[in-house]
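S.K.: Using only what follows, build the 3D model:
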Amino acid sequence: MSQSAEVFWDRDAPKYAAKPIANSSAYEAKLSHLRTLLAPTDLVMEVGCGTGGTALKLAASCAHITGSDISGKMIDYARAKREQMDTRTVRFVHANAERPLNGAPFDMVMAFSLLHLLPDMSATLRAIHDQLKPNGLFISKTVCLKERNIGIRVMIRTLRALRLAPDVRLLSQVELMDQIKLAGFKTIE
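M.R.: Numbering: from 1, shown residues only. From the prediction side, this is the model:
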């Protein structure tokens, strides 16, 4: 029987918060690219913000960022980080990705390492689309594991059974892009 995502991420929050960025140069490159897409007047939402690091690092590049996560414990870490930085341009909310947030419409919505973890990716993508301004940007980075070797798939099933990994959707790139297109997005990059 599958555990809920909220329970898994609440339990994993302390370990997640203490874990360093795996590839810091790639992460910094992503942040640098995002800054080129942001305007000082932009209202931004990050869905699945975890402990808030990305939102906080981008705060100076836009007017306001709302970070949301299904895990209340992750949001607690994010709020604690925000308090240490004393920034008023970032808000963190405990919320399900499928539900609209106050502050919409947004100029940009970000979802990193999230779509493959959602129980209803279609509903979440539609909710994101509905919360964007016309010509707003949806930026996502999502792992596509369906084309990987069978060993990866077996390992994921084993880790899930041991409750060491969350539920993971095995997507192909084509399936992911089809879902994004069905939600009303067009790919520009």
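
S.K.: CA only for contacts and neighbour counts going forward, please
M.R.: Fine.

S.K.: Residue 140 and residue 44, how far apart?
M.R.: Remark: distance between residue 140 and residue 44 (CA to CA, to the nearest Å) = 13 Å.

S.K.: joint contacts of the two?
M.R.: By the contact definition CA atoms under 8 Å, 6 or more residues apart in numbering, residue 140 and residue 44 are jointly contacted by residue 110.

S.K.: ok, these two, which is more surrounded?
M.R.: residue 44 (29 against 15; other CA atoms under 10 Å).

S.K.: May I have the beta-bridge partners of the more buried one?
M.R.: residue 65, residue 108 (DSSP bridges).

S.K.: next structured bit after the helix or strand of the chain with the lowest mean pLDDT?
M.R.: Sorting the helices and strands of the chain by mean pLDDT, DSSP states H and E puts helix 150-161 at the bottom, at a mean of 79. Under the assignment DSSP states H and E, the closest C-terminal helix or strand after helix 150-161 is helix 173-182.

S.K.: Can you dump the C-alpha atoms of that next one in CSV for me?
M.R.: Output in CSV follows, covering the C-alpha atoms of helix 173-182 (Å, rounded to 0.1, in the frame of the first residue of the first chain):
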residue,chain,number,x,y,z
GLN,A,173,9.9,12.4,-22.6
VAL,A,174,7.1,12.0,-25.2
GLU,A,175,4.5,11.3,-22.5
LEU,A,176,5.7,14.3,-20.4
MET,A,177,5.5,16.6,-23.4
ASP,A,178,2.1,15.3,-24.4
GLN,A,179,0.8,16.0,-20.9
ILE,A,180,2.2,19.5,-20.9
LYS,A,181,0.7,20.1,-24.3
LEU,A,182,-2.7,18.7,-23.3
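
S.K.: Centre of the chain to it, how far?
M.R.: 17 Å (CA atoms, centre = their mean, to the nearest Å).

S.K.: next one: stretch 22-34
M.R.: For stretch 22-34, the distance to the chain centre is 15 Å (CA atoms, centre = their mean).

S.K.: where does the chain have low pLDDT?
M.R.: Where the chain drops to pLDDT under 70, the residues are 1-3.

S.K.: mind listing the strands for it?
M.R.: 43-47, 64-69, 90-94, 106-112, 132-141 (DSSP state E).

S.K.: mind checking how far the first one is from the chain centre?
M.R.: On the basis of CA atoms, centre = their mean, strand 43-47 sits 9 Å off its chain's mean C-alpha point.
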